[in-house]
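Asks: Turn this into a model:
(one chain, ligands or ions: 3)
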Amino acid sequence: MFKSKQIQRPQLVLVVDDQEINRDVLGVILNDTYEVIYACNGQEALDQIRAHKDDLSLVMLDLIMPVMNGFEVIESMRADEEIKDIPVIVLTAEKDAELKALQMGAADFITKPFDIDEVVLARVGRIIELCEGRRLISAAEHDHLTMLYNKSFFFEYANRLYHYHPDLHFDAIALNIEQFHSVNALNGRDFGDDVLRILGNEIRAFLAETNGIASRFEADHFDIYCKHREDYEELLKRFQQKVNSIAPNVSIRLRMGVKPWSEDTEPLIMFDCARAACNMVRGDYQKPLVVYDDDMRARELLDRRLVNDLRTAAEKKQLQVYYQPKYNINYDPPKLSSAEALIRWEHPELGLLSPGMFIPLFERNGLIGIIDDFVWHESARQAAYWNNKYNFTIPISVNISRTDMFDTTLVEKLKELVEDNHLDYSNIKLEITESAYTEDSKLLLGLIKELRGLGFEIEMDDFGSGYSSLNMLSSMPIDVLKMDMNFIRNIETSETDRHLVQVVLDIAKYLNVPVVAEGVETERQLEILKDAHCDLVQGYYFSRPLPPDEFEKLIEKEIETERN
Ligand code: C2E
Ligand code: MG
Ligand code: MG
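Replies: Ligands and ions are numbered 1, 2, ... in the order given. Down below sits the predicted model:
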């Protein structure tokens, strides 16, 4: 049978405008490429759209018209399953109206008077292409809970605003709920949903007043793209008050990061910066608002560089382990009892980097494992080497990061370390920072029991800087308390601080574990600690952290003292 060759018909575009001149101009621009039909008001437009619902590719819609205006047309279209996915480009001279139309789900806007033909054609072509290929972008994709845009839709629009309206100076705002998982855990998911919904409502109310767009980026993360403003404190206060009003007896805290508008910065980058600013707030109860600035930018660039350079650093032997001695001051002269392994990074361009520069960064992004693996291996090797060379056992403490605790192979790794180097488990000690104990004490408790079962000693690092309760301490199996440096700093001048040191020592006595005082720098500090019956001291007074060959001199001196 003869089959007629299918002829590709041009796509159908409906132009809706009450002014004949505008219809004509668009007709001339589009006629060569598309089949164009016309309507002069909203009602006619809806009739046409319904009549051509199956083959209409695009509606170009004036907003201000008699009988029924463009907004009403969009509204009616969105309410009608059969035509709600047909894309709409709005034609308007008013920026505020465009934004409102976008919020209602228009796919794009073209400003009057019309751009040169090529621009109009390109925009029309792009929207049709976008909408016919995949799921229609014009059907505004909302997050059901908050009725804000979802992530992809939001960024699609933000990009358009940015590219087509360089004169709109928009800021990026990232808004989060502090510890939202605990809000959920303590009050139930329904309550959590209420919080999100009410916050979403308030964000929408704000947008209606000022123009802008917003999305729930994920979980409790909101992104807002709106006209530049200065009063972010006020805005945060407004959202915070709304959230407070939900349940006055539940504490829910918001934090906000802002990247103010700047020339040539795309929305994606703007929001990265806003989120980085927002993350800086974490834990700082005093300042729930951070505005991205040049310092943050410099820090971010440095962070990116350190992340990039880390892998080669390990290969090129830029990472070094330094050792700082701990002395037992119950002896006279004090006796070298062990050492703490501390990482140093000899960066070819940035110089010698101290851990404060990079440890917190790598703890956040998970790369800390690379550092810790290196330090543990190096320390175990060094301990074995010194055991053999001097026939002198010097236990080495290594730091275990919070994130290491979630590594299911941790116990196996540490075990191998000891066995591969033919060490005794008491040769390697593990320092775990106090704050890790408060974070997930159940997980930690199991882990520590296992490690102690093997014979490792556990030292609680930075004790007194966190918030461990006495109750928790007594159930936590630990072998040593390392008193945080801040206790020592002012003991010479402050009686209160001397009392606090005494409190820590009393706690340790109650737990029946020795205390290491960290950060001891002066003879007077040492005397005070001795009088208070502190057992062990680590600090510049005895020695700074040293490279292995210099540390050997301390071992040799110790052996010499013991011999006499
Ligand atoms: P930390 O474990 O509490 O280590 C003690 C810090 O106090 C070291 O700083 C040490 O140099 C410093 N210190 C010792 N005595 C004195 C003193 O008398 N005065 C003063 N002002 N400081 C003193 P460092 O080496 O800069 O390390 C800082 C922190 O970085 C460490 O605190 C530890 O939390 C972390 N860190 C260091 N190396 C590693 C590592 O290999 N892995 C992990 N995960 N963290 C590490
Ligand atoms: Mg430590
Ligand atoms: Mg410490």
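
Asks: Next, the most centrally placed residue in the chain: secondary structure please.
Replies: Here the mean C-alpha position of the chain is nearest to the C-alpha of Asn279 (C-alpha atoms, centre = their mean), at a distance of 5.2 Å. Here Asn279 is recorded as helix under DSSP: H, G, I helix; E, B strand; the rest coil.

Asks: list the contacts for it?
Replies: Gly257 (C-beta atoms under 8 Å, 6 or more residues apart in numbering). In this view, the C-beta of every residue, glycine as well, is placed from N, C-alpha and C.

Asks: go on, Pro547?
Replies: Counted by C-beta under 8 Å, 6+ apart, Pro547 has contacts Gln320, Tyr322, Tyr323.

Asks: List the ones among the residues you listed that fall in strands.
Replies: Gln320, Tyr322, Tyr323 (DSSP state E).

Asks: Do a quick rundown of the helices in the stretch 101-250 of the chain.
Replies: 117-133, 151-164, 180-187, 189-210, 232-246 (DSSP state H, counting those that start in this stretch).

Asks: Let's have those helices in CSV, adding mean neighbour count and mean pLDDT.
Replies: Shown next, in CSV, are the helices of the stretch 101-250 of the chain (neighbours: other C-beta atoms under 10 Å; pLDDT from 0 to 100):
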stretch, mean neighbour count, mean pLDDT
helix 117-133, 15, 74
helix 151-164, 18, 82
helix 180-187, 15, 86
helix 189-210, 16, 90
helix 232-246, 15, 95
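
Asks: Can you say which of these is nearest to ligand 1?
Replies: helix 180-187 (24.6 Å; C-beta to the nearest ligand atom).

Asks: Closest residue of the stretch 51-200 of the chain to ligand 3?
Replies: Gln179 (25.6 Å; C-beta to the ion).

Asks: which ones are touching that residue?
Replies: Gln179 touches Arg253, counting by C-beta under 8 Å, 6+ apart.

Asks: can we see that at 7 Å?
Replies: Applying C-beta atoms under 7 Å, 6 or more residues apart in numbering to Gln179 gives no contacts.

Asks: mind checking how far it is from His169?
Replies: Note on Gln179: its distance to His169, by C-beta to C-beta, to the nearest Å, is 33 Å.

Asks: Repeat that for Leu342.
Replies: From Leu342 to His169 the distance is 47 Å (C-beta to C-beta).

Asks: neighbour-wise, which of the two wins?
Replies: Leu342 (20 against 13; other C-beta atoms under 10 Å).

Asks: Touching, that one and Gln320? I think so.
Replies: No: in this structure, Leu342 is not within contact of Gln320 by C-beta atoms under 7 Å, at 9.6 Å.

Asks: For the protein, give me the ranges with low pLDDT.
Replies: 1-9, 95, 115-116, 130-141, 282-285, 438-440, 467, 469 (pLDDT under 70).

Asks: Is any residue of the strand ranked longest in it near ligand 3?
Replies: What stands out as the longest strand in the chain, according to DSSP E, is strand 335-347. No: against ligand 3, strand 335-347 shows no contacts by C-beta under 5 Å from the ion, the least distance being 7.9 Å.

Asks: Tell me how far the closest residue to Thr92 other than its chain neighbours lies from ligand 2.
Replies: The shortest distance from Thr92 to any residue other than its chain neighbours is 4.7 Å, reached at Leu63 (C-beta to C-beta, 6 or more residues apart in numbering). Separation of Leu63 from ligand 2 (C-beta to the ion, to the nearest Å) stands at 65 Å.

Asks: Verify the contact between Leu63 and Ala97 for me.
Replies: Yes: with contact defined as C-beta under 7 Å, Leu63 reaches Ala97; the gap is 5.2 Å.

Asks: which of those two has more neighbours?
Replies: More crowded of Leu63 and Ala97, by other C-beta under 10 Å: Leu63, with 25 against 18.

Asks: on that earlier part again, most neighbours out of the contacts of Pro547, which is it?
Replies: Tyr323 (26 neighbours).

Asks: Tally up the residues packed near Phe114, please.
Replies: Phe114: 14 neighbours (other C-beta under 10 Å).

Asks: And Leu443, by the same measure?
Replies: What Leu443 shows, counting by other C-beta under 10 Å, is a neighbour count of 12.

Asks: Which helix or which strand is home to it?
Replies: Using DSSP states H and E, Leu443 maps to helix 441-454.

Asks: got it, and Asp462?
Replies: strand 457-463.

Asks: Next: Ile29.
Replies: helix 20-30.

Asks: quick one: contacts for Lys449?
Replies: Contacts of Lys449 by C-beta under 7 Å, 6+ apart are Pro477.

Asks: where's it relative to Leu470, distance?
Replies: Counting by C-beta to C-beta, the gap from Lys449 to Leu470 is 20 Å.

Asks: Repeat that for Arg305.
Replies: 44 Å.

Asks: Asn330 now?
Replies: 26 Å.

Asks: what about these two, which has more around it?
Replies: Neighbour comparison, Asn330 and Leu470: the larger count goes to Asn330, with 14 against 9 (by other C-beta under 10 Å).

Asks: Excluding chain neighbours, what is closest to the more buried one?
Replies: Asp535 is the one closest to Asn330 (C-beta to C-beta, 6+ apart), at 6.0 Å.

Asks: Surely that neighbour touches Val513?
Replies: No: with contact taken as C-beta under 7 Å, Asp535 and Val513 are classed as non-touching, separated by 9.4 Å.

Asks: Give me the common contacts of these two.
Replies: Counting by C-beta under 7 Å, 6+ apart, nothing touches both Asp535 and Val513.

Asks: Around ligand 1, which positions in the stretch 451-564 of the chain sit nearby?
Replies: Asp461, Asp462, Glu518, Gly519, Val520, Glu521, Gln538, Gly539, Tyr540, Pro545 (C-beta under 6 Å from any ligand atom).

Asks: Report the two of those residues separated the most.
Replies: Greatest spatial distance in these: Asp461 and Glu521, 18.6 Å, computed using C-beta to C-beta.

Asks: Those two: which is more packed in?
Replies: For Asp461 and Glu521, the more surrounded residue by other C-beta under 10 Å is Asp461, and the numbers stand at 26 against 14.

Asks: Just grab the bridge partners of Asn328 for me.
Replies: Here Asn328 sits in beta bridges with Lys335, Leu536, going by DSSP bridges.

Asks: Can you give the domain ranges for this protein?
Replies: 12-130, 151-292, 306-563 (automatic domain parsing).

Asks: Could you pull up the residues touching the residue in the stretch 301-450 of the chain that ligand 2 sits nearest to?
Replies: Ligand 2 sits closest to Glu431 of the stretch 301-450 of the chain, with a gap of 4.0 Å, by C-beta to the ion. With contact taken as C-beta under 7 Å, 6+ apart, Glu431 is in contact with Glu340, Ser397, Val398, Asn399, Ile400, Glu459, Asp461, Lys482.

Asks: now Ser215, which residues is it bridged with?
Replies: Tyr149, Asp223.
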